[in-house]
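Colleague: give me a model of this one.
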Amino acid sequence: MRKLFNKIKDKANAAVFKAKSVIENKRAEGYVDSGVKILIAVVIGALLLAGLYALFNSTIMPTVTSKVQGLFNYNGH
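Modeller: Numbers count the residues shown, from 1 in each chain. Below is the predicted model of the structure:
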């Protein structure tokens, strides 16, 4: 019975050690972290651009505006 408890205790300690080493590993950045950073950058950029449009009340980037309008004005001919 004592062997069984020691075996269970050893396996539990090994699992805890493995989990602790994975959590403390700061060797590389995860994909989720990179995705969140990119998403935050896109949202902040969109907010800044919307703020500039609201502030100046005119077109900030005329080339992009004309290209987007050209895409939506496509009539199929």
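Colleague: now the phi/psi pair for residue 57, please.
Modeller: phi 60, psi 30 (degrees, to the nearest 10).
Colleague: and for residue 74?
Modeller: Dihedral angles (degrees, to the nearest 10) for residue 74: phi -70, psi 120.
Colleague: what do you get for residue 52?
Modeller: phi -70, psi -40.
Colleague: all helices for the protein, in order.
Modeller: Assigned by DSSP state H, the helices in the chain fall at 2-24, 31-56, 62-72.
Colleague: mean pLDDT lowest where, among those?
Modeller: The weakest mean pLDDT among the helices of the chain belongs to helix 62-72, with a mean of 83.
Colleague: quick one: that one to chain centroid distance?
Modeller: 28 Å (CA atoms, centre = their mean, to the nearest Å).
Colleague: using CSV, list the CA coordinates for that helix.
Modeller: C-alpha atoms of helix 62-72 as CSV (Å, rounded to 0.1, in the frame of the first residue of the first chain):
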residue,chain,number,x,y,z
PRO,A,62,-7.8,60.5,-51.1
THR,A,63,-6.2,57.6,-53.0
VAL,A,64,-7.6,55.0,-50.7
THR,A,65,-11.0,56.7,-50.7
SER,A,66,-11.1,56.8,-54.5
LYS,A,67,-10.1,53.1,-54.8
VAL,A,68,-12.7,52.0,-52.3
GLN,A,69,-15.4,54.0,-54.0
GLY,A,70,-14.3,52.5,-57.3
LEU,A,71,-14.7,49.0,-55.9
PHE,A,72,-18.2,49.7,-54.7
